[in-house]
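Peer 1: Give me a 3D structure for the following:
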Amino acid sequence: MAQRACGSHDYQQHQLRSDPSWRDRMNAMEELMREGQSLRGTQSLIRIPVVVHILYHYPSQKIPDSRVHEQIAALNRDFRRRATDTSRTPAYFRQFAADCEIEFQLATSDPRMRSTTGIVKKYSPVLQWGMDDRMKFSSEMGSDAWDPGSYLNIWVCDLKGLAGYSSMPGGPKEKDGIVMDFEAFGTTGVTAGYDMGRTLVHEVGHWLGLKHLWGDTDCGDDGVSDTPQQSFYTVGCPSGIRVTCNNGPYGNMYMNFMDFTADACMNLFTVGQKQRMRSLFSAGGPRASLLHSRGLNPPLIAEAPLPDEDPRWLQPRLYPNPANEEIFLDLSYDPRWIGKPVTIANLSGQVQVQIVLSGKIQRISVKNLPAGIYMLNAQKEDGAVIQFRVVKL
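Peer 2: Coordinates of the predicted model:
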């Protein structure tokens, strides 16, 4: 990943093309944020319940809970401006740096008020995911979102070509949340340059209504008055003053979390960005319901739901083979095969047995077949194929 590889802007544009009515909702949210309303009432600190859905295929992707806790700690460090590298903020920009007074905590109660760690680990037969939200649905072999009005949903998976992407306020509720690639999530076992957990800091900024500093166009508007206009994103770990879009003498604020610089070289949100994010929690705002979430309450049911059982292997398995009367086709690794036809043909290609798969472990009778060699075949719409050489005794 040569740059932060954030797909949030492209994702937003795709949403606008697929649902033109979303533009009106987005414009309303933009107006709310531009007004810069701060949170009303006496509550200052905002705590957001978080659930992390880890979608793994290989055992090595079943990341430990400690890595999730490291990432949550990184969010709180940066949103509260408590990182040791805040001293690297250039002197002029320090006057704009803000403690956003927003914290994140793994949920203690799930939507049914059962005990939870706030971490869901789920095996999926899908090897790699795209920017199409399929990981957000169990029907697509992903993991269903918890009520987005009460939780920040974060999906961690093998995300093709991206470090992460986020929904924006006002989008479809069932798709609300952030998707992260394994290589950019946490502070250990990740790609160099992404090892301070700041890709998720960046994506949470989007989830709370922030745009990229350049407004996703040359010298564009990010909707925040105290972030200088800049021409485009910044990569790597720059130093000195970089003047673009007539923003001299102090130049680009490339150390801002909403640029694309490496983790070690970004260290601030501004007061304007803080106000924009917190405006979403004002009365009637799209994130206001999170203030009343029960996700951080003590659970009413102490017993947590049992985790899904992992498949014993990650490919189709046929046994016994050779066989006398019956064979078993084990497809536990991928339930998407259920409902698909299977044929057994002789070596001349003539179909001898044809069934429709009805379970993860399918019994197939071969007792009426003459002794010999046969081919078992199945195919899914996505092009996946199963083929076994079957020996009938």
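
Peer 1: Give me the three-state assignment for the spatially most central residue of the chain.
Peer 2: For the chain, the residue sitting closest to the mean C-alpha position, by C-alpha atoms, centre = their mean, is residue 179 at 1.6 Å. Three-state assignment for residue 179 (DSSP: H, G, I helix; E, B strand; the rest coil): strand.

Peer 1: helices or strands next to the lowest-mean-pLDDT helix or strand in the chain in the packing?
Peer 2: Scoring the helices and strands of the chain by mean pLDDT, DSSP states H and E places helix 22-34 at the bottom, with a mean of 75. Counting by 3 or more C-beta pairs under 8 Å, 6 or more residues apart in numbering; DSSP states H and E, the packing neighbours recorded for helix 22-34 are helix 8-18, helix 271-279. Just so you know, the C-beta spots here come from the backbone N, C-alpha and C atoms, and that holds for glycine as well.

Peer 1: Tell me the buried residues in it?
Peer 2: By neighbour count on 16 or more other C-beta atoms under 10 Å, the buried set for helix 22-34 is 22, 26, 29, 30, 32, 33.

Peer 1: likewise stretch 160-178?
Peer 2: 162-171, 175-178.

Peer 1: just checking, which of those belong to strands?
Peer 2: 164, 165, 166, 178 (DSSP state E).

Peer 1: out of those, which one sits closest to residue 379?
Peer 2: residue 165 (31.9 Å; C-beta to C-beta).

Peer 1: Please report how far that closest one lies from residue 247.
Peer 2: Residue 165 sits at a distance of 28 Å from residue 247 (criterion: C-beta to C-beta, to the nearest Å).

Peer 1: swap in residue 329?
Peer 2: Distance from residue 329 to residue 247, by C-beta to C-beta: 64 Å.

Peer 1: Between these two, tell me which one has more neighbours.
Peer 2: residue 329 (22 against 18; other C-beta atoms under 10 Å).

Peer 1: what is the more buried one paired to in the beta sheet?
Peer 2: Residue 329 has these beta-bridge partners by DSSP bridges: residue 318, residue 362.

Peer 1: That one contacts residue 318, correct?
Peer 2: Yes: here residue 329 reaches residue 318: they are 5.5 Å apart, a contact under C-beta atoms under 8 Å.

Peer 1: one step back: name the nearest of the buried residues of helix 22-34 relative to residue 130.
Peer 2: For the buried residues of helix 22-34, the nearest to residue 130 is residue 22 (20.1 Å; C-beta to C-beta).

Peer 1: need the contact list for that closest one.
Peer 2: 15, 16, 170, 171 (C-beta atoms under 8 Å, 6 or more residues apart in numbering).

Peer 1: hmm, try it at 10 Å
Peer 2: Residues in contact with residue 22 (C-beta atoms under 10 Å, 6 or more residues apart in numbering) are 12, 15, 16, 168, 170, 171, 172.

Peer 1: List the single closest residue to the first one in space, sequence neighbours excluded.
Peer 2: If I follow you right, that is residue 12. residue 168 (5.5 Å; C-beta to C-beta, 6 or more residues apart in numbering).

Peer 1: what about that neighbour, distance to residue 290?
Peer 2: Taking C-beta to C-beta, one finds residue 168 at 15 Å from residue 290.

Peer 1: Likewise for residue 165?
Peer 2: 20 Å.

Peer 1: centre of the chain versus stretch 76-90, how much separation?
Peer 2: The gap between the average C-alpha position of stretch 76-90 and the chain average comes to 25 Å, counting by C-alpha atoms, centre = their mean, to the nearest Å.
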